Each structure stands twice: as C-alpha cells, then as structure tokens.
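Dropping the sequence and predicted coords here.
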Amino acid sequence: SETKTGSAPADPNTTNLDVAIVGGGLAGLYALHRMRGLGLKARVYEAGSGVGGTWFWNRYPGARCDIESLEYSYSFSDELQQDWKWPERYATQPQILAYINHVAERFDLLRDVQLNTRIRTAGFDRATDRWTLATDGGEAVSARFCIMATGNLSTPRVPDFKGIESFRGPWYHSGLWPAEGVDFSGKVVGVIGTGSTGIQMIPLIAKQAKHLYVFQRTANFSLPAQNGPMETAREAAYKANYPERRAEARMSGFGVSGYPSPTQSALAASEAERQGKYETLWQRGGSIGFLSCYNDFLVDEQANDTAAEFVREKIRSIVRDPKVAELLAPKDHPIGTKRLCLDTGYYETYNRDNVTLVDVRSAPIQEITERGVRTAEREYALDAIAFATGFDAMTGALREIDIRTDGGPSLAEAWADGPRTYLGLAVAGYPNMFMVTGPGSPGVKSQMILSIEQHVDWIADLIDHARGHSITRVEADGEAQDRWVEHVNQVADSTLYPVANSWYVGANIPGKPRVFMPYVAGVGVYRKKCDEVAANGYEGFTLS
Ligand code: N01
C-alpha cells in the first residue's frame, strides 16, 4: 500500500489511492467492496449521476433482464440474497437499479464513489509503478492498481446516418434514454434496430404510439420470457439452497444453475423427441434452456437448424401476415450465435394495425430527413425516432480512454486489429491494470454478475498477493497473452458463434476489425483455468 512503497506523489492536488476503479456499475461497486475488505484505499469514478452502469443508463420502455432475478444477483453476501425480494421472474430495469442502490447503501459504498466524473486518460509510469488518471474535471488520481470496470455495452452507438441533424422531431438512443421517460401517445414513431433492446421496446411503444414503423435490417431469434410474478415456492426453494445453487452456477457453462452440460446430440434424437423438448422449453420460457438442450446445438449447423426451424415455425404460427412472418423469421445465422433474445409479446405486436415492419435489408436506410427516415424505397414521416442500434461493444469504453505506459502506444492503438488480452483480465504492456469481464473472458456469454464476482475475486487475490510479497508491478507476459488469444480463437472456431454478424465480432460497427471476442468454453472451465494460473504463482505474469 501507499506507506509501504512510499512512492505516492506528494502533490496535494492529486488523490492518492491503492486502487482506482473506473465505472460504478455492478462490477465497480463489487470491486470497491472487495478492495475495502483488503484494507486498501480505493475509489470509484463514475460518469453517470448515479451508480448502476447499464441499469442506470438503459431506461427505455421494457428494459428488463433476460436472466432470472434469482440468478442475476450478487452472491457474495448470503444475508443480501436472503433478504432481497424480487417481485418478478425477470426483473425490470427500475427493480434492478433499486437493488443496486440498496447494495451501495447497505455496504456503505457511496462515500468512495465519485459521480459525474469521466476518466479521460490513464498513464502508467514504470519508474514508480503507478497509474495516473485524469478526470474530465481536471483532477489527477494516482493509484498503484487500476481496475477497469467500464462495461461491455456502455458505449451507445447511433449509426452515422446522413442528415440526422436535420430531423425535426426528438430522437433517442436506448442506452441514453431520458430518466423522465418519453410519452409517445398520439405519435408516429420509428424504431431502428431489432436486437434484444428493440425486441423489448417495440411491444410497449406499439401500445402507446399512434403508429409504429419498425426498421429491421436483420431478423433475430426471440423466445418468450414467460415472465410473471415471482412464484413463492420457487423463491423459497432457491433461498433454502442458495449456496448449492451458486456453486453449481459457478461451474456451469453460462453461469446459471439448473442447466447441466448437455450430453445428447440433437441429431441423435428423433424428430418427435426434439419437437417435444423444444416445445417444453418454449413453454417454460428463457434462453438458457435452448442454449443447453443438446451438445451439438452450438457446434453443428444441421443440429442447430432443427431448433432454428422450430422457432421459425412458431413465428409463422403467431404472425398472421405470411409475408411479415417470413421477414421476421431469421435465416442468415444459426440460432443462439447472436444473443438469443427474450420477449413478451414481440411477434404478436406485428398483428396490430398500427405496426408496420419495414425491411431495410432489401431497401436500406439512405438518410434521415427533416421529416423522418428515407429508405431506398420511400420516405417515412415520423414524429420521433428510437435508436435500438446497440453499442461499440466490449472494447468501446476502454478505447475511449487514452491508456498508455510511459507514453507508448495507447491501448486503442495496440488493439487496432482487435483486442488481445491474457485471460480477459490483463493486457501485456499495461501493467497493474485489470479488466472485469474483458474481451477474452466469458463475461458477456454468462450471467454477468457471476462473472463479475469471479473476476473481481481473482483480481483481489492477486492484488493481495502482490501486497504481501512487496510486489509493485504485475504484468501479463506477451507470450502468455498470445497463447491465450490463440486458445480463445480455437474454442470459438470449434463452434458456430463466429458465423453470425453479431456485436461479439464487432460486426455492428462499420470498420471494426472482425474478431470473435468472448471466451466460450464456459464459466466453469474458465474459472478452473484462472485458479490454476493463481495456484502456479500467477503463471503468465511477471511479478516484480
Ligand atoms: O444491440 P444489438 P442491442 N441500419 O447490437 C441494428 C444486451 N441486452 O442494444 O443485426 C439498420 O444487438 C442491428 O441490425 P443488424 C444483450 O447482450 C440485454 O439490441 O446489425 N439497422 C440490430 O438489429 C444484447 O445482445 C438485454 O443488421 C441497424 C440492432 O440495430 C446487447 O445488450 C436487453 C443499423 C442492434 O442490435 C445489445 O443489444 C437489451 C443500421 N445502420 C440488451 N445499425 C436483456 O437482458 C445497427 N442496426 C434482455
């Protein structure tokens, strides 16, 4: 810590810390809690005017988690998970934000969270083994370690449409939605984008607006959430066995309990068996059941297509206009290789008289005009536009901070051809900096809070180890990083994931290098790997 090394700058205008944490979402708050528990001086810098990260910003209509609340919650405090009552099977954004604020208060975190503060630059100095961070308010922060808890879907992106500034009505991005909400009553509204976000907001906006135009470039698979009030018996069963359920989730594929790794092949099952299974899963609701129903679901195109066709048939049975149904039925990617969406009444929405699906694959959007959206076919007059066009995912937030070691290349430059990390936790050439759920980790392919806890716990152990051994610099080795990147790619290439044009490969950002970023061997496999690295004296890191 500061006093031990004595190398903290004496400048009274600099805040001196052991650990600077960038981002006050679920990851940053837990990191603060853990660092404090180690007796370290840590502080969170958060751009928003409140804590919560994703759940602070994404206030669009219908925003809700697609993992069940009893799973999507912190596990580090048994009192917390016993006390907290989730009102619904899947929590809404306001419910999750209330939970995060409760956690922040309960663990007295807010006194070390600096809101309305964006970190602009971070420079590591090998002479002192410290990071210096600069805030947008001109403040300097010096810290031995830096934890980037900057999120994976935290850089909202509106496509670079020509003429956007000329539009006379208001427009919104899902990830920067006004806190006071938006009333679309009596309005003709356009929603652009049909990912998880669009699929959640479309049914609700349709109910309010005079008319809704949905501009769809790529049809997406969506399954019914089958949401409802929390079943008391289910809640009681969870709470009676929480430690066991969490332990199971930690060693699972997607970080959710109740879905053991499948052993059966879809192709080995009979048609009737498969249909029966898919129907049961459809009725039960949720996406993890589908993703873990057969062992070849995500690796064999033919196996995958049995499920894809089941869902396409469902769409055809729900949507009355066969032309619209066909446009909504995805045919360009295997099911589950893009984030599998969950909905409440999404396909049904297209049976409403006030909803029109516009295919912007065949007739692309050419420009935004004063009056609305012009496609290659015609102009659509709109009163308001909602962009559900996604994020510069996984690397966007980190690339926005100017991160360098001794004035060398920035992290954004180092990652020009795609992110390279060791374990998704550290980057060679950028010592003493850790990422939570970074590229090369299973983060985004898992129950995020579980991954957050695992990463932060692992980082906390490493920082504690360093402190106990008078180590002031922890740096990933380039070779270990190369091997990890290769391994991540090999695992991805053994699956169907890289086939899809998803944000997992950066396909939604024109010009972004096409690299499959998540590690998809499963959270259990990854955890074991991380634990082995630690047990072998932090193999692949140079500690000095
Ligand atoms: O973003 P997306 P999102 N012209 O990138 C379209 C998490 N999440 O905000 O597919 C026309 O998935 C784009 O079209 P295409 C979850 O992990 C979770 O929906 O690129 N269209 C696509 O349809 C999710 O995966 C929850 O052809 C354009 C859409 O915009 C992630 O966040 C809820 C376009 C973007 O989809 C991101 O989801 C919400 C253009 N120029 C989000 N550019 C839950 O937990 C883009 N699009 C439930």
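Noted; the coordinates are in hand.

C-alpha from now on. contacts and neighbour counts both.
OK.

Stretch 89-106 and the ligand, any residue contact?
No. Counting by C-alpha under 6 Å from any ligand atom, the ligand has no neighbours in stretch 89-106; the shortest distance is 9.0 Å.

can you list the residues that contact that stretch?
Stretch 89-106 is contacted from outside by 26, 29, 51-52, 55-56, 58-59, 62-70, 86, 110, 227-231, using C-alpha atoms under 8 Å, 6 or more residues apart in numbering.

Buried subset of the residues you listed, written for ChimeraX?
Selecting the buried subset of the contacts of stretch 89-106 in ChimeraX, with 16 or more other C-alpha atoms under 10 Å as the burial test, is done by:
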select :26,29,51,52,55,56,58,59,62,63,64,65,66,67,68,69,70,86,110,227,230
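
Of the contacts of stretch 89-106, which belong to helices?
Applying DSSP state H to the contacts of stretch 89-106, the entries found in helices are 26, 29, 55-56.

before we move on, the earlier item: the contacts of stretch 89-106: which ones sit near the ligand?
64-66.

What distance do you get for R245 to the ligand?
Here the criterion is C-alpha to the nearest ligand atom, to the nearest Å. By it, R245 lies 21 Å from the ligand.

Identify the residue nearest that residue in space, chain neighbours excluded?
Distances taken as C-alpha to C-alpha, 6 or more residues apart in numbering place S257 nearest to R245, at 5.7 Å, with adjacent residues excluded.

pretty sure that neighbour is in contact with R246, am I right?
Yes. Contact criterion C-alpha atoms under 8 Å: S257 and R246 qualify, at 6.9 Å.

shared neighbours of these two, which are they?
With C-alpha under 8 Å, 6+ apart as the test, S257 and R246 reach no residue in common.

show me the contacts for the residue nearest to R245.
71, 245-246, 248-249.

separation between it and the ligand?
S257 sits 17 Å away from the ligand, going by C-alpha to the nearest ligand atom.

Look up phi and psi at that residue.
phi -80, psi 160 (degrees, to the nearest 10).

helices or strands up against the top helix by length along the chain?
Identified as the longest helix of the chain according to DSSP H is helix 448-468. Where contact means 3 or more C-alpha pairs under 8 Å, 6 or more residues apart in numbering; DSSP states H and E, helix 448-468 is packed against helix 26-37, helix 523-535.

Please identify the deepest-packed of these.
Across those, averaging neighbours per residue (mean count of other C-alpha atoms under 10 Å) puts helix 26-37 on top, at a mean of 24.

wait, what's in contact with V22?
28, 44-46, 119, 146-150.

Restricted to strands, list the residues you listed.
Secondary structure from DSSP state E places 44-45, 119, 146-148 of the contacts of V22 in strands.

returning to that earlier point: between the contacts of V22, which is nearest the ligand?
Closest approach to the ligand among these (C-alpha to the nearest ligand atom): T150, at 14.5 Å.

returning to what we had before: is it possible to get JSON lines of the ones in strands among the contacts of V22 that adds pLDDT and distance to the ligand?
Shown next, in JSON lines, are the ones in strands among the contacts of V22 (pLDDT from 0 to 100; distance: C-alpha to the nearest ligand atom, whole Å):
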{"residue": "V44", "pLDDT": "98", "distance to the ligand": "23"}
{"residue": "Y45", "pLDDT": "98", "distance to the ligand": "23"}
{"residue": "I119", "pLDDT": "98", "distance to the ligand": "23"}
{"residue": "C146", "pLDDT": "98", "distance to the ligand": "25"}
{"residue": "I147", "pLDDT": "98", "distance to the ligand": "22"}
{"residue": "M148", "pLDDT": "98", "distance to the ligand": "19"}
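
Most neighbours of all the residues you listed, which one?
Among the ones in strands among the contacts of V22, the one with the most neighbours (other C-alpha atoms under 10 Å) is V44, at 28 neighbours.

Mean confidence (pLDDT) on stretch 424-442, please.
For stretch 424-442, mean pLDDT rounds to 98.

do the same with stretch 395-410
Per-residue scores along stretch 395-410 average to 97.

Any buried residues in that stretch, and which?
395-399, 401-405, 410.

Out of these, list just those in strands.
Among the buried residues of stretch 395-410, the members found in strands (DSSP E) are 402-405.

I'd like the distance between R111 and A149.
18 Å (C-alpha to C-alpha, to the nearest Å).

before we move on, what about A179?
23 Å.

More neighbours: which of the two?
Comparing A179 with A149 by other C-alpha under 10 Å, the one with more neighbours is A149, at 30 against 11.

who in the chain is up against the ligand?
Going by C-alpha under 6 Å from any ligand atom, the residues of the chain near the ligand are 64-66, 159, 192-198, 217-218, 339, 388-390, 503, 508.

List only buried entries from those.
64-66, 192-198, 217-218, 339, 388-390, 503, 508.

With distance to V141 as extra columns, can I get the ones in strands among the buried residues of stretch 395-410 in TSV?
Formatted as TSV, these follow (distance: C-alpha to C-alpha, whole Å):
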residue	distance to V141
D402	15
I403	14
R404	15
T405	16
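
I'd say I401 and G123 touch.
No. I401 lies out of contact with G123 (C-alpha under 8 Å); the separation is 10.1 Å.

can you list contacts of stretch 194-210?
60-64, 174, 183-189, 191-192, 212, 214-220, 222, 339-346, 349, 354-355, 388-390.

circling back: just the ones of the buried ones among the residues of the chain next to the ligand in helices?
Counted as lying in helices by DSSP H, out of these, are 196-198.

Run the chain-centre distance for stretch 84-94.
Here stretch 84-94 is found 18 Å from its chain centre; the criterion is C-alpha atoms, centre = their mean, to the nearest Å.

er, stretch 110-125 I mean
21 Å.

Keeping just the C-alphas, turn it into PDB.
C-alpha atoms of stretch 110-125 as PDB (Å, rounded to 0.1, in the frame of the first residue of the first chain):
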ATOM      1  CA  LEU A 110     -21.200   5.600  -1.900                       C
ATOM      2  CA  ARG A 111     -18.700   7.600   0.200                       C
ATOM      3  CA  ASP A 112     -16.000   6.300  -2.200                       C
ATOM      4  CA  VAL A 113     -17.900   6.700  -5.400                       C
ATOM      5  CA  GLN A 114     -17.300   9.900  -7.300                       C
ATOM      6  CA  LEU A 115     -20.200  10.500  -9.600                       C
ATOM      7  CA  ASN A 116     -20.400  12.800 -12.700                       C
ATOM      8  CA  THR A 117     -16.700  12.000 -13.400                       C
ATOM      9  CA  ARG A 118     -15.300  10.500 -16.500                       C
ATOM     10  CA  ILE A 119     -11.800   9.200 -16.700                       C
ATOM     11  CA  ARG A 120     -10.100  10.600 -19.900                       C
ATOM     12  CA  THR A 121      -6.600   9.400 -19.600                       C
ATOM     13  CA  ALA A 122      -4.600   6.800 -17.700                       C
ATOM     14  CA  GLY A 123      -0.800   6.600 -17.800                       C
ATOM     15  CA  PHE A 124       1.400   4.000 -16.200                       C
ATOM     16  CA  ASP A 125       4.800   5.000 -15.100                       C
END
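
Many thanks, I have nothing further to ask.
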